[in-house]
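Novice: fold the following for me, if possible:
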Amino acid sequence: MPRFFVYALYNLLLPFLLLLGLPSFLRKGIRRGGLARNFAQRLGFLSADTLAKFQGRRPIWIHAVSVGEVFIALKLIDALRAAAPGRAIVLSTTTTTGWRVAAEKESADLTVIHNPVDLPLTAWRTVRLLDPCSLVLVEGEIWPNLVGLLKHRGVPVLLANARLSPRSERRYGKVRNLVAPVFSLLDGVTVPFDEDATRWSALGINPARIEVTGSVKFDNATPAAASEALRDELAAWLTATGMPAERRILLGGSTHDGEERLLAAAARELRPEFPGLELVLVPRHAERGAEIAAQLREDGFDPVLRVGPDRVESSTQQGQTRVWIANTTGELRAWFHHAELVVIGKSFHGIGGQNPVEPILAGRPVVVGPHMENFAEVVAELRSRGGLRQVEDEAALIPALRELLRDPASGIAMAERGAAAMAKHAGAAARNAEWILERARLSDSP
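Specialist: Below is the predicted model of the structure:
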């Protein structure tokens, strides 16, 4: 389909889609907090103080949707700083939770903003104010008006660490005639796996513009690791809220609805056999903390929240088993270092799974459920190397946990095999940074 018609259709439908999505956006923003903060940036208005940080310096503009993509962007930014100290960078993010994580890293050379809505006038105003030397989209969110405007100005548009799951490929494939004219505008794409290169080229991207660099997410060479201070803070919170000194922590990472109850029931059944076994839950969406606490209270547990009204500092109630709920954003990496064993969320209830590699790189054995579709390649690789345990259903979870708790050394060995399997991704951030800078230099040239 001609690109002109694609853009005409997109801009005709976009206002209606934005109106339809507005109630959900407002609900999430209110629940997560920070909705009103810098809201004008979403409409392409930047304050004089914000502009002063990068105006006239032609920054590299990096866009990351939410928390997961922000962590990848921060790895890229660290690598860019190492390769080109002092280079101005603007990091935009869509969600309020992503903005909070990114804003903690703001500095003289890094400006954090909310991403503008992709309406023509809003995108034009933001592009004019930023005057970037390149735009780097992290993982896969592509905004047609923004991409088209930058291409018209001769600014390279790059897609970095572009993971494309089979599910996303099928979804895009259904509307290939609509997405290919936009995807073909991309000047370059880096992908984690060979399979990703094949999928993106099938959607209209010139194969010559695609490079396999390994996954920035799984690159442990430049980790956006948790600080020792944060780890100590978490340990102090656990102690203050009744966690025994002799403890064996089972961690549910990035859990989704229903998985908290599943893990709590599993821990309850295993506890008589393994004294000191305690459960910490880190939900994928922090705002679900109160909901999870209510569910566990119904099941006879004594939940305690890291943030909120149930943030108590006392011993466990008589006859009830305490469960710790870390309803916070950006602390998951630190939690992995406190765990003996990690179960990855969205792999039992929900489809797609969450990232299983980060706890492995922290040296922790990982168990996942049957639904890891979004990480199919990496899970297959880890399983083939004996670096991860995948169970076929909920009934198989407790036996798998029991086996690893009985033999901690086997779990450590499993994590070591998993880390070795991921070694090929080491240096991915640096490779992507050099790739970005090479194209930025071309853009800077007269």
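Novice: and the next helix or strand past the biggest helix by length in the chain?
Specialist: Identified as the longest helix of the chain according to DSSP state H is helix 3-32. Per DSSP states H and E, the first helix or strand lying C-terminal to helix 3-32 is helix 48-52.
Novice: helices or strands up against that following helix?
Specialist: Packing contacts for helix 48-52, counted by 3 or more C-beta pairs under 8 Å, 6 or more residues apart in numbering; DSSP states H and E, involve no helix or strand. Where C-beta positions appear, they are placed from N, C-alpha and C, glycine not excepted.
Novice: how about the CA coordinates for it, as CSV?
Specialist: What follows is helix 48-52 as a C-alpha-only set of coordinates in CSV (Å, rounded to 0.1, in the frame of the first residue of the first chain):
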residue,chain,number,x,y,z
ALA,A,48,13.1,26.6,29.3
ASP,A,49,15.1,24.8,31.9
THR,A,50,14.7,21.5,30.1
LEU,A,51,15.6,23.0,26.7
ALA,A,52,18.7,24.6,28.2
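Novice: quick check: S92 is in a helix.
Specialist: No. Judged by DSSP: H, G, I helix; E, B strand; the rest coil, S92 forms no part of a helix; its state is strand.
Novice: contacting residues for the residue positioned nearest the centre of the chain?
Specialist: In the chain, the residue lying closest to the centroid (C-alpha atoms, centre = their mean) is G68, at 1.2 Å. Counting by C-beta atoms under 8 Å, 6 or more residues apart in numbering, G68 makes contact with 217, 355.
Novice: quick one: buried residues of the helix or strand encompassing it?
Specialist: With elements taken from DSSP H and E, the one containing G68 is helix 67-83. Neighbour counts over helix 67-83 (16 or more other C-beta atoms under 10 Å) mark 67-81 as buried.
Novice: quick check: mean pLDDT of that helix?
Specialist: For helix 67-83, mean pLDDT is 94.
Novice: please apply the same query to stretch 237-256.
Specialist: On average, stretch 237-256 scores 96.
Novice: same thing with stretch 168-187?
Specialist: Mean pLDDT, computed over stretch 168-187, is 91.
Novice: now stretch 141-161
Specialist: 94.
Novice: may I have that stretch as PDB, with CA atoms only?
Specialist: Coordinates of each C-alpha in stretch 141-161 appear next as PDB, following Å, rounded to 0.1, in the frame of the first residue of the first chain:
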ATOM      1  CA  GLU A 141       7.500   0.800  19.600                       C
ATOM      2  CA  ILE A 142       7.400   2.700  16.300                       C
ATOM      3  CA  TRP A 143       5.500   6.000  16.000                       C
ATOM      4  CA  PRO A 144       4.600   6.700  12.300                       C
ATOM      5  CA  ASN A 145       4.400  10.600  12.500                       C
ATOM      6  CA  LEU A 146       7.500  10.900  14.500                       C
ATOM      7  CA  VAL A 147       9.400   8.600  12.200                       C
ATOM      8  CA  GLY A 148       8.100  10.300   9.100                       C
ATOM      9  CA  LEU A 149       9.000  13.800  10.300                       C
ATOM     10  CA  LEU A 150      12.600  12.800  11.300                       C
ATOM     11  CA  LYS A 151      13.100  11.100   7.900                       C
ATOM     12  CA  HIS A 152      11.900  14.200   6.200                       C
ATOM     13  CA  ARG A 153      14.600  16.200   8.100                       C
ATOM     14  CA  GLY A 154      17.300  13.600   7.200                       C
ATOM     15  CA  VAL A 155      17.600  12.400  10.800                       C
ATOM     16  CA  PRO A 156      18.400   8.600  11.000                       C
ATOM     17  CA  VAL A 157      15.800   6.500  12.800                       C
ATOM     18  CA  LEU A 158      17.100   3.400  14.500                       C
ATOM     19  CA  LEU A 159      15.500   0.400  16.200                       C
ATOM     20  CA  ALA A 160      17.700  -1.100  18.900                       C
ATOM     21  CA  ASN A 161      17.500  -4.500  20.500                       C
END
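Novice: in that stretch, what's buried?
Specialist: For stretch 141-161, the neighbour count (16+ other C-beta under 10 Å) marks 142-151, 155-161 as buried.
Novice: cool, stretch 357-377 as well?
Specialist: By 16+ other C-beta under 10 Å, the buried positions in stretch 357-377 come out as 357-362, 364-369, 371-377.
Novice: pull the helix or strand with minimum mean pLDDT from this protein.
Specialist: None of the helices or strands of the chain scores lower by mean pLDDT, DSSP states H and E than helix 166-174, at a mean of 85.
Novice: name the residues that touch it?
Specialist: Contact with helix 166-174 is made by 140, 164, 179, 199, 202-203, 351-352, 373-374, 376, as judged by C-beta under 8 Å, 6+ apart.
Novice: try it again with 10 Å
Specialist: With contact meaning C-beta atoms under 10 Å, 6 or more residues apart in numbering, helix 166-174 is reached by 140, 164-165, 178-180, 183, 195-196, 198-200, 202-204, 351-352, 373-374, 376-377.
Novice: what subset of those residues is buried?
Specialist: Buried members of these, scored by 16+ other C-beta under 10 Å, are 140, 164-165, 179-180, 183, 195-196, 199-200, 203-204, 352, 373-374, 376-377.
Novice: and the protein, what are its domains?
Specialist: Taking automatic domain parsing as the reference, the chain has its domains at 3-222+427-444, 228-424.
Novice: mind listing what the spatially closest residue to T321 that is not a sequence neighbour touches?
Specialist: Computed as C-beta to C-beta, 6 or more residues apart in numbering, the closest residue to T321 that is not its neighbour in sequence is F301, at 5.5 Å. The contact partners of F301, by C-beta under 10 Å, 6+ apart, come to 260-261, 264-265, 267-268, 279, 293, 295, 316-317, 320-323.
Novice: quick one on the thing from earlier: tell me which of the buried residues of helix 67-83 is nearest to K105?
Specialist: Comparing those against K105 with C-beta to C-beta places L74 closest, at 5.8 Å.
Novice: that closest one and S107 touch, don't they?
Specialist: No. Using C-beta atoms under 10 Å, L74 is not in contact with S107, being 11.4 Å away.
Novice: which stretches in the stretch 101-250 of the chain count as strands?
Specialist: Secondary structure of the stretch 101-250 of the chain (DSSP state E, counting those that start in this stretch): strands located at 110-114, 134-138, 157-160, 188-191, 210-212, 248-255.
Novice: to A429, which of those strands lies closest?
Specialist: strand 157-160 (9.7 Å).
Novice: count of residues packed around A265?
Specialist: 15 (other C-beta atoms under 10 Å).
Novice: ok, it to I398 distance?
Specialist: According to C-beta to C-beta, to the nearest Å, A265 stands 9 Å off from I398.
Novice: E106 too?
Specialist: Applying C-beta to C-beta, the value for E106 to I398 is 45 Å.
Novice: give me the pLDDT for P446.
Specialist: We have a pLDDT of 48 for P446.
Novice: related to what we said a few turns ago, among the contacts of F301, which lie within strands?
Specialist: Secondary structure defined by DSSP state E assigns 279, 321-323 of those to strands.
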